[in-house]
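Colleague: I need the structure of the sequence given here:
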Amino acid sequence: MALNLPLERVIAGQPALWKRIAAFLADLFIVDSVAGFHFQSVLPRIAGGFSDTAKLLQARPDIALSVSLVLMAYGFLLVLYFSILEYRLGATLGKMLFGIHVQAEKPGYASFLIRNLPLLLVFPFILVLILDPIYILMRKDSRALSEVLSHTAAVQYYAF
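Modeller: Residues are numbered from 1 along each chain as shown. Just a heads-up that it's a prediction; the model follows:
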């Protein structure tokens, strides 16, 4: 005997800003927990604030180059983590935790790679990372600049 129940309707909407931030922080925690300790062992232990760090890096250009290379490698790891998981699974582990998914207008890995290039923390990509939160707050559809450029969108599915 088959029941003739109405089908569940699902729509994709914008996730709350706090969920996006929490998912991103969860992803950073996951990557740092798995791979971050390798990078911490390479970086010099620097006590003090930003000015002390800047003085040390100016005095020791060899350390500055090492720190830059380590940060680039860590950024590359972040780009791979976010891009591969979003492409293959539709979300990173942090996004899955908060029920957020990533949709691409154009199928293919390139969209997800472009979306996550700002995580390299190098010029000019870092400008996109700085402008992303402003874009989210100013746009009606709450899309980040990196999403607009990559033709992707973070969504949350709502069933009713």
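Colleague: Alpha carbons only: can I get stretch 73-89 in PDB?
Modeller: Once non-C-alpha atoms are left out, stretch 73-89 reads as follows in PDB (Å, rounded to 0.1, in the frame of the first residue of the first chain):
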ATOM      1  CA  ALA A  73      52.800  27.000   2.000                       C
ATOM      2  CA  TYR A  74      50.100  27.200   4.800                       C
ATOM      3  CA  GLY A  75      47.900  29.300   2.500                       C
ATOM      4  CA  PHE A  76      48.400  26.800  -0.300                       C
ATOM      5  CA  LEU A  77      47.200  24.100   2.000                       C
ATOM      6  CA  LEU A  78      44.200  26.100   3.000                       C
ATOM      7  CA  VAL A  79      43.300  26.700  -0.700                       C
ATOM      8  CA  LEU A  80      43.600  23.000  -1.400                       C
ATOM      9  CA  TYR A  81      41.500  22.000   1.600                       C
ATOM     10  CA  PHE A  82      38.700  24.400   0.800                       C
ATOM     11  CA  SER A  83      38.700  23.900  -3.000                       C
ATOM     12  CA  ILE A  84      38.900  20.200  -3.100                       C
ATOM     13  CA  LEU A  85      36.200  19.600  -0.400                       C
ATOM     14  CA  GLU A  86      33.800  22.200  -1.800                       C
ATOM     15  CA  TYR A  87      34.300  20.800  -5.300                       C
ATOM     16  CA  ARG A  88      34.000  17.100  -4.400                       C
ATOM     17  CA  LEU A  89      31.500  17.200  -1.400                       C
END
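Colleague: Averaged pLDDT, it. What do you get?
Modeller: Average pLDDT, stretch 73-89: 92.
Colleague: contacts for that stretch?
Modeller: Residues outside stretch 73-89 that contact it (C-beta atoms under 8 Å, 6 or more residues apart in numbering): 27-28, 31, 35-36, 39, 91-93, 95-96, 102, 109, 112-113, 115-117, 119-122, 152. C-beta: built from backbone N, CA, C; applies to glycine.
Colleague: how about the strands of this structure, start to end?
Modeller: Taking DSSP state E, the strands of the chain run over residues 10-13, 100-104, 152-159.
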